[in-house]
Structure formats: structure tokens, C-alpha cells
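**Q** Structure for the following, please:
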Amino acid sequence: MLEKTKPAMELFVPPRPKSMGPLSALLRAGLTGDSNLIGLLPKQAYTMKIGNLGYSRRSIIIVNDADKVRTILTDPTDIYPKNDLMVGALAPLVGDSIFVSSGETWRRQRAMVAPAFSHMKLSSAFKAMQLAVDNYETIIDRSADKSEAFSLDLAMSHLTADIICRTVFSTPLNGETAQEVFNAFTIFERSVAHVEIRRLIMAPAWSEIPQHDHVLEACERIRDRLGKLVDAHLQQGANFQDIAADIITAKDKETGKPFSRKELIDQLGVFFLAGHETTASALTWAFFILATRPEIADRIRSEVQTVTEGEPIDFQHIRNLHFTRSVFKETLRLYPPITFIPRVAAEATRIGSRKIKKGAMIMIAPWVIHRHHDYWDNPDSFDPKRFMPEREDEILPNTYMPFGLGPRVCVGANFATIEATLILARLISRYDFDVAEPEKVRPVARLTTRPAEQIQIKATKRQT
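**A** As a prediction, the model looks like this:
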């Protein structure tokens, strides 16, 4: 008699919008009124390779073909610059920095900032990451002792902002200037006009994106406070060993010139934006999932114990925390912080056999490609095993892009992965988490992929 096959582990599908037809998706987006572009995506987007995304004045083309996506994002001919909507939203904060620049300007900036994120530099920055987690554990302890719920979103934003302040500027977030930057950035993130659905459909290419006065005031406040942190590094006799110091001493290989003070504020504004907000977004989703799937949290705890043998987590442990890192990578797949990477056709061109008119919006959507039915088995299911070392070669090239692709991959990708692996390993080892009303959580695409409403969570100290 044949032994019965054990049932496969139940697939876990975390929150996602229900896929609809194009017209139904448009009506839903109009009714919800939250400018959630994820909800605007029709179900056909997850199966097509290239096609029109709805109906609009300027023509919006979504490209899911992996090879063509790589060509567009690496942009060897400079005909797909950063989209005017994204530039218009972020320029008041980060100027013409690496996050929004294109072409030769981007190449110059990338060459100057990349050395600050070398493996050796990250090893030094790790100590500051540890101190930030130490500090935040005392904050969580107070909530746990009182059995109080707190905002998971704000907790992750605060922790990752503290790490950025410590690693970039050698100052903790509780410093007055750093705290003012964080407070102003919170206003910016919640209020910036990024991509409004009405404007996306009706406005022509290269339209100006008006920003609210309080958003512009927040940008001015952030840049002013960042300027103070830069000036402290520029003072005669200053001897900082941090990322800001490396950026200040960087030289253009062609001209030998460093960044100007304005350019320094631009670039360091990017590090604060990309270095804390995007990682906070991914960690919010990771802890939400772990709170609802305790068996995954238990596997992280087991791995941490095995790798560290009960010692504090150090830099050399991180590379051996394979499952913990895979949880982060799978979270990035399902909830890529940068939901959409829009480009604009600077001239009439072709993508494959399709004619593209000048000014057309070329929409590369990590959210879609990471869930595309041609590229992933059970694409909406959470399965960290996809990213374990023995299986990573199964991932098709150019189909996983939480940090971009090729030479334009985010300069801080390794920083974010090390930081997130440390945070997950430390906090999951120390606490059990419980989410209030998990069934009400739903994702929206704003500046990053965030829950529509802040997730309320409770922490309970584990017995050690």
C-alpha cells in the first residue's frame, strides 16, 4: 500500500488588490480617491509583455518584457530619462541628484558616490547600525512592558532614519537637527504630489507638477538642516569617519572637482530619502507578515541561534543568515518599495515592434514584474525559499528589480540588505509581534509601497 503523500505547506498570500478589468479598475481608483496606482492596474497587466496602460492623453506604455526592461532601465542611448512626474515630485527635495538625474550627469554622480558604499565602508557602518537597534529596543521594551500597541510604520521609519543619521552624519536621530530632518521628511512623504491619477490620465508630457506650500516648506526645512550637518563636516579640523565625509572628499575623475555644497545637500538628501524611507517600507511589510506567520518567525530565530551560537549578531554573521535575508528579499518581491519606475521617451522610438511617440510614459513596474505569471510560480504567494542560495539560480534574469538593474542598480542596495537583515534578526529574536486587525491591511502606491492605514502592532518580550 502506497504511503499517502503529505499535503504541501499551505500557500500564504499576503494583502494585494483584487485584479479587475481596465474599466472596473479605473472606477475603483476614482471611488477610493487615494491615488493608488496599484488599484488602477488591470488584471491583464500581470500577463502581458507590453501594452497600453489604460487610456490617457500622453500614452502610457507598461513594459514587462524582461530583456526590454533591462534596455530601458540601463538606457545606453539616453532616450529614456527619468520621468518628468517623478522629477517634478522629488526635485524640490533632492535637486538634480543621483535619484532623478539621467545621462552623463547621472554617470558622473554615480562614479563619485559609489566608493562610499564599498564592503569595507559597510563593515564600519555596521557598528552604527547596531547602536541604533540597541536604542530602539529600549523604546519597544517600554511599549511591551505596558502592553501598548504602536504604529509599525512609524517605528520602522524612526529606526531606519536613526541608522541613516548615524551612518551618514555620525549623529543619532535624537540630536535636534536630525530630529528636525525626520519630522519634516514625514510631512514630505505623506503630502508630496507624486503621481495623481487625474493628472496621469489628462496632463500632457512635461507638465509642471504643483506642490502644496507645506510640502515646499518641508523641503526647505530639510535642506536647511542637512546644510547644517554638511557644514559641521566642512569645518576646518573636522574629522568624521562616515558616509558624508566620503561624499565630501569624492572627486570627479575628469575634472578633479568635488561636489559643491548644494550638490552635497542634493546627494545626502537622496540618502535620507532612499536610505530610510524605502527600507522602512519593506520592513513594515516584513514584520507584518512575520506577525501573521509565526512559523516563519520561528525559523528566523532558529537560524540566528545556529549562526551566532548565542553571541550578539556581528557583521560576519550577516552573510550566513540565509533564510533571514531571503525573507527580506521575498518581501521586496511582493512589496517593492519603489512600486513604479517611470521613464519618458525623449524622442520617438520603438520598443520591439511597437512605435513609441515622443513624450510617452514608459512604465516599468516592479510590482507587476515581481508578480508576473510568466516569471514566477504562485506569484502572489509569500515563499522565502525562492531566494535561498540553492534556488536563486531559478530566478529569471531581469525579473527581480527592487533596487533597479544592471549598472544602475541602487548604490545603497547592499547597505539596505545588511541593515534589514540585522533588524529582522535582532527584533524577531527578542520579541513576538501581534497585529491588530490584519484583515484590514491593504497596500497602496504612494511615494513608496505602504499600507493604506498605519499598522498597529504589539510586542511581547520573549523569554531568553
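**Q** Make sure I have this right: Glu277 is in a strand.
**A** No: going by DSSP: H, G, I helix; E, B strand; the rest coil, the assignment for Glu277 is helix, not a strand.
**Q** ok, now which ones touch it?
**A** With contacts defined as CB atoms under 8 Å, 6 or more residues apart in numbering, Glu277 is in contact with 157, 160, 185, 189, 337, 447-448. Using the backbone N, CA and C atoms, a C-beta is placed for each residue, glycine as well.
**Q** swap in Glu453?
**A** 440-441.
**Q** quick one, helices of the stretch 51-200 of the chain?
**A** For the stretch 51-200 of the chain, the helices defined by DSSP state H, counting those that start in this stretch occupy 66-74, 84-94, 103-113, 119-145, 152-169, 176-191, 197-202.
**Q** Would you reformat the ones you listed as JSON lines and include mean pLDDT?
**A** Listed next are the helices of the stretch 51-200 of the chain as JSON lines, based on pLDDT from 0 to 100:
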{"stretch": "helix 66-74", "mean pLDDT": "93"}
{"stretch": "helix 84-94", "mean pLDDT": "83"}
{"stretch": "helix 103-113", "mean pLDDT": "92"}
{"stretch": "helix 119-145", "mean pLDDT": "94"}
{"stretch": "helix 152-169", "mean pLDDT": "94"}
{"stretch": "helix 176-191", "mean pLDDT": "86"}
{"stretch": "helix 197-202", "mean pLDDT": "60"}
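**Q** Quick check: which of those is buried the most?
**A** Ranked by mean neighbour count, the helices of the stretch 51-200 of the chain are led by helix 152-169 with a mean of 25 (mean count of other CB atoms under 10 Å).
**Q** Nearest to Ala250, out of the helices of the stretch 51-200 of the chain?
**A** Across the helices of the stretch 51-200 of the chain, Ala250 has its closest neighbour in helix 103-113 (4.1 Å, CB to CB).
**Q** Please put the alpha-carbon coordinates of the closest one into PDB.
**A** What follows is the C-alpha trace of helix 103-113 in PDB, where atoms were taken according to Å, rounded to 0.1, in the frame of the first residue of the first chain:
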ATOM      1  CA  GLY A 103      22.600  60.600 -18.800                       C
ATOM      2  CA  GLU A 104      26.100  62.000 -18.300                       C
ATOM      3  CA  THR A 105      25.100  63.800 -15.100                       C
ATOM      4  CA  TRP A 106      24.000  60.500 -13.500                       C
ATOM      5  CA  ARG A 107      27.100  58.700 -14.600                       C
ATOM      6  CA  ARG A 108      29.400  61.400 -13.000                       C
ATOM      7  CA  GLN A 109      27.400  61.400  -9.800                       C
ATOM      8  CA  ARG A 110      27.300  57.600  -9.600                       C
ATOM      9  CA  ALA A 111      31.100  57.300 -10.000                       C
ATOM     10  CA  MET A 112      31.600  59.800  -7.200                       C
ATOM     11  CA  VAL A 113      29.300  58.300  -4.600                       C
END
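**Q** To Arg343, which of the helices of the stretch 51-200 of the chain lies closest?
**A** Ranking those by proximity to Arg343 (CB to CB) places helix 66-74 first, at 5.9 Å.
**Q** now for the closest one, which elements pack on it?
**A** Taking 3 or more CB pairs under 8 Å, 6 or more residues apart in numbering; DSSP states H and E as contact, the helices and strands that helix 66-74 lies on are strand 341-344, strand 361-364.
**Q** gap between Asp380 and Ala425?
**A** Computed with CB to CB, to the nearest Å, the distance linking Asp380 and Ala425 is 26 Å.
**Q** More neighbours: the two, which one.
**A** With other CB atoms under 10 Å as the criterion, Asp380 and Ala425 differ in neighbour count, and Ala425 comes out ahead with 25 against 17.
**Q** and the more buried one, what does it touch?
**A** Each residue near Ala425 by CB under 8 Å, 6+ apart is listed here: 300, 304, 313, 321, 324.
**Q** Among those, name the ones in helices.
**A** Among the contacts of Ala425, the subset assigned to helices under DSSP state H consists of 300, 304, 324.
**Q** Now render the contacts of Ala425 as TSV, adding neighbour count, distance to Ala459 and pLDDT.
**A** What follows is the contacts of Ala425, written out as TSV (neighbours: other CB atoms under 10 Å; distance: CB to CB, whole Å; pLDDT from 0 to 100):
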residue	neighbour count	distance to Ala459	pLDDT
Ile300	22	15	98
Val304	22	17	98
Ile313	20	18	97
Leu321	22	21	98
Thr324	28	18	98
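**Q** Need the nearest residue in space to Asp432, chain neighbours excluded.
**A** Closest residue to Asp432 in three dimensions, ignoring its sequence neighbours and counting by CB to CB, 6 or more residues apart in numbering: Thr460, at 4.6 Å.
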